[in-house]
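Asks: just need the structure, nothing else, for what follows:
(chains A and B)
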2 protein chains.
Amino acid sequence: MIKIGGNVIDQEDSLMAFLEEFASIKEKKILVHGGGKIASRLGEKLGIESKYIQGRRITDAPTLDLVTMVYGGLVNKKIVARLQAFSCNAIGLTGADANLLPAAKRPVKEIDYGFAGDIKPALVPVNNWKIFVDNDFVPVVAPLTHDGKGNMLNTNADTIASTVAVVLSAFYEVRLIYCFEKKGVLENVQDNNSVIRLIDKTSYRQLLAEEKLFEGIIPKIDNAFAAIDAGVHDVLIGDAKDLLQNITSQTNGTLIRS
Amino acid sequence: MIKIGGNVIDQEDSLMAFLEEFASIKEKKILVHGGGKIASRLGEKLGIESKYIQGRRITDAPTLDLVTMVYGGLVNKKIVARLQAFSCNAIGLTGADANLLPAAKRPVKEIDYGFAGDIKPALVPVNNWKIFVDNDFVPVVAPLTHDGKGNMLNTNADTIASTVAVVLSAFYEVRLIYCFEKKGVLENVQDNNSVIRLIDKTSYRQLLAEEKLFEGIIPKIDNAFAAIDAGVHDVLIGDAKDLLQNITSQTNGTLIRS
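Replies: This next block holds a predicted model:
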């Protein structure tokens, strides 16, 4: 289960290099992609403002249509067409397709996030996922879910990746891979080569005690351990450029395991 | 195999009524949809001109992105989300997904149609289609194909419907249903109630000899007989509003069979 974000998607050459590496992975695989900047750029042209409250995106109705078009249509199908050219039998999906990701509109409390979806993990139809995986289709998943009442919903790609990884871990040994802008968890945040190769619960406690970790990385590691505790075999995080090489033997990035 | 066009898609209430009827069909089913006017409207806002030569749409690169977003994203996923709400296990697909519709960019002769795709019927992977159909997924197909070299292509929805119907007719008894703006083939084009209930090859020759048919309908009937000669069981054409009622016993529209 591999998640890529905007930093990979927005650059044509980095995306192509990533997809070629991805296509060459022999194991069963799923790709979850974020949105990238194209939705904001297109939204500007259409007069759809990007709204944020406390740093979090608000999905109003025009924004929902925008992300459904851009993430579920343009970005998703471009990735699929290119993977097909690399002989990878990709199939582009959202959480509405085959009911893959049932969700509920986030309740309005202090903030109304609009059409933001919280996945209902217990309702994820694992047999539908298995049909794709066992028939050697390669799901390419856009960050969209649905509420079962006819509405699409906008959902964080990291959350989709970890939720599906956990659900599938009942049937497969799942490695969850997060591609982000750094080479991994860094011992010195200024030095992109100070990657910590392996983190387990003991060494994580020690790193926290020594206050060595960059604050922004802590929630990612916490989420990784949560996924591992729920059944995922291990979690690999690092830069898309070098993460996929020797994907199974793990020579790059940071491997997190219990 | 049911094809709906813009006249159904553009009106919210007619689309909802159609989808509810469609969801209630008990037989295995596939929906192919056209685009509707929303792509042109959105294109205007984005400064993408709709170009036509001799009445045929030209798909330049910005138009290809536009139809990939709108047909493959917005329209397709809205239909899927709504069908899911009617307990129909819809899955939205383009011809790139699972390589369902391999095509070639139309060669440039007198006219350069741009990114228009002609399907290669012999390469359509019928086993991939069967995986969906046999697992009771309901494919909802956008009018897009791909060239196997990484590019999406724009393809006529009628052609997709008849091509897939023919391919699947090797394994299933296929009824091909075209929804359009009239109640069926009319004996008197001024009178929407003068529907000819049944056309076979003998009665078609007679209708042609008597010059009774509206010119625009003749290519549709010719295409219907071509599909039947290639294996499709029968073809039903008429208005979406009343076509789906009693779909198997055929009480409305025009049924064409050999």
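Asks: residue contacts, the residue in the stretch 51-200 of chain A that chain B sits nearest to?
Replies: The stretch 51-200 of chain A approaches chain B most closely through A:G73 (2.1 Å), counting by C-beta to the nearest C-beta. C-beta: built from backbone N, CA, C; applies to glycine. For A:G73, the contact set (C-beta atoms under 8 Å, 6 or more residues apart in numbering or on different chains) comprises B:68-74, B:76-77.
Asks: could I get the residues you listed as CSV with distance to B:K37?
Replies: Below are these laid out as CSV (distance: C-beta to C-beta, whole Å):
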residue, distance to B:K37
B:T68, 17
B:M69, 15
B:V70, 10
B:Y71, 12
B:G72, 17
B:G73, 16
B:L74, 13
B:N76, 16
B:K77, 18
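Asks: next one, pLDDT for the residue lying farthest from the centre of chain A please.
Replies: Note on chain A: the largest C-alpha distance from the chain mean falls to A:E210, namely 29.6 Å (C-alpha atoms, centre = their mean). We have a pLDDT of 91 for A:E210.
Asks: also compute the angle for the helix or strand A:D65 falls within relative to helix B:61-69, please.
Replies: Using DSSP states H and E, A:D65 sits in helix A:61-69. Taking axes from the mean of the first three to the mean of the last three C-alpha atoms, to 10 degrees, one finds that helix A:61-69 is oriented at 100 degrees with respect to helix B:61-69.
Asks: quick one: mean pLDDT for stretch A:67-81?
Replies: pLDDT averaged over stretch A:67-81 gives 97.
Asks: gap between the two ends of that stretch?
Replies: 19 Å (C-alpha to C-alpha, to the nearest Å).
Asks: any figure for the gap between the residue of the stretch 51-200 of chain A closest to chain B and A:I38?
Replies: 11 Å (C-beta to C-beta, to the nearest Å).
Asks: at which residues are the strands of chain A located?
Replies: A:2-4, A:31-33, A:51-53, A:56-58, A:90-93, A:103-105, A:117-119, A:138-141, A:144-146, A:152-154, A:175-180, A:198-199, A:234-239, A:254-256 (DSSP state E).
Asks: residue contacts, A:Y178?
Replies: A:3, A:158, A:161, A:220, A:224, A:235-238.
Asks: now, which of these sits nearest A:T254?
Replies: A:I237 (5.3 Å; C-beta to C-beta).
Asks: and the closest one, what are its bridge partners?
Replies: Taking DSSP bridges as the rule, A:I237 bridges to A:Y178, A:T254.
Asks: how about it, what does it touch?
Replies: A:177-180, A:184-185, A:220, A:224, A:253-254, A:256.
Asks: now do the buried residues in the lowest-mean-pLDDT helix or strand in chain A.
Replies: Least confident helix or strand of chain A, by mean pLDDT, DSSP states H and E, is helix A:240-243 with a mean of 79. Under the neighbour-count criterion of 16 or more other C-beta atoms under 10 Å in any protein chain shown, helix A:240-243 has A:240, A:243 buried.
Asks: so which elements touch that helix?
Replies: helix A:12-24, strand A:175-180 (3 or more C-beta pairs under 8 Å, 6 or more residues apart in numbering or on different chains; DSSP states H and E).
Asks: just the CA coordinates of it, formatted as PDB?
Replies: Extracted in PDB, the C-alpha atoms of helix A:240-243 (Å, rounded to 0.1, in the frame of the first residue of the first chain):
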ATOM      1  CA  ALA A 240       9.400   8.700  -3.500                       C
ATOM      2  CA  LYS A 241      12.600   9.000  -5.600                       C
ATOM      3  CA  ASP A 242      14.600   6.400  -3.700                       C
ATOM      4  CA  LEU A 243      11.900   4.600  -1.700                       C
END
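Asks: return the distance of it from the chain's centre.
Replies: Using C-alpha atoms, centre = their mean, to the nearest Å, the mean C-alpha position of helix A:240-243 is found 15 Å from that of the whole chain.
Asks: got the contact list for that helix?
Replies: A:4, A:7-8, A:14, A:17-18, A:177, A:179, A:183, A:236, A:252-253.
Asks: change it to 7 Å
Replies: Contacting residues not belonging to helix A:240-243 are listed as A:4, A:8, A:14, A:18, A:177, A:179, A:236, A:252-253 [C-beta atoms under 7 Å, 6 or more residues apart in numbering or on different chains].
Asks: same deal with stretch A:100-111?
Replies: Under C-beta under 7 Å, 6+ apart, the answer for stretch A:100-111 is A:53-54, A:93, A:95, A:113, A:115-120, A:123-125, A:128-129, A:145-148, A:153, A:155, A:160.
Asks: pull out the buried positions in that stretch.
Replies: For stretch A:100-111, by 16+ other C-beta under 10 Å, it's A:100-106.
Asks: and the two most separated of those?
Replies: A:L100 and A:R106 (19.0 Å).
Asks: the stretch 151-258 of chain A: helices as residue ranges?
Replies: A:157-168, A:201-209, A:218-229, A:240-243 (DSSP state H, counting those that start in this stretch).
Asks: close to chain B: what parts of chain A are there?
Replies: Within chain A, the residues that sit near chain B (C-beta under 7 Å from any C-beta of the partner chain) are A:45-46, A:65, A:68-70, A:72-74, A:77, A:80-82, A:84-85, A:89, A:91-92, A:94, A:96-99, A:131, A:135, A:137, A:146, A:148-152.
Asks: now, of those residues, which are buried?
Replies: A:65, A:68-70, A:72-74, A:77, A:80-82, A:84-85, A:89, A:91-92, A:94, A:96-99, A:131, A:137, A:146, A:148, A:150-152.
Asks: for burial, what's the neighbour tally of A:V235?
Replies: A count of nearby residues for A:V235, using other C-beta atoms under 10 Å in any protein chain shown, gives 28.
Asks: quick check: chain neighbours aside, which residue is closest to it?
Replies: A:A224 (3.9 Å; C-beta to C-beta, 6 or more residues apart in numbering or on different chains).
Asks: for A:G148, which non-adjacent residue is spatially closest?
Replies: Per C-beta to C-beta, 6+ apart, closest to A:G148 is A:P102, 5.8 Å.
Asks: check what pLDDT the one you found gets.
Replies: Confidence score, pLDDT, at A:P102: 98.
Asks: can I assume A:P62 is in contact with A:I48?
Replies: Yes. Distance between A:P62 and A:I48: 4.6 Å, which falls inside the contact criterion (C-beta atoms under 7 Å).
Asks: who has more neighbours, these two?
Replies: Just comparing A:P62 and A:I48: by other C-beta under 10 Å the higher neighbour count belongs to A:I48, 19 against 13.
Asks: correct me, but the more buried one touches A:D60?
Replies: No. If you go by C-beta under 7 Å, A:I48 and A:D60 don't touch, sitting 8.4 Å apart.
Asks: so for stretch A:190-199, mean pLDDT?
Replies: Mean predicted confidence for stretch A:190-199 is 91.
Asks: may I see the buried residues of it?
Replies: A:195-196, A:199.
Asks: contact partners of that stretch?
Replies: Contacts for stretch A:190-199 (C-beta under 7 Å, 6+ apart): A:182-188, A:221, A:253-256.
Asks: from the chain's centroid, how far away is it?
Replies: 22 Å.
Asks: what's the span of that stretch from first residue to last?
Replies: 19 Å.
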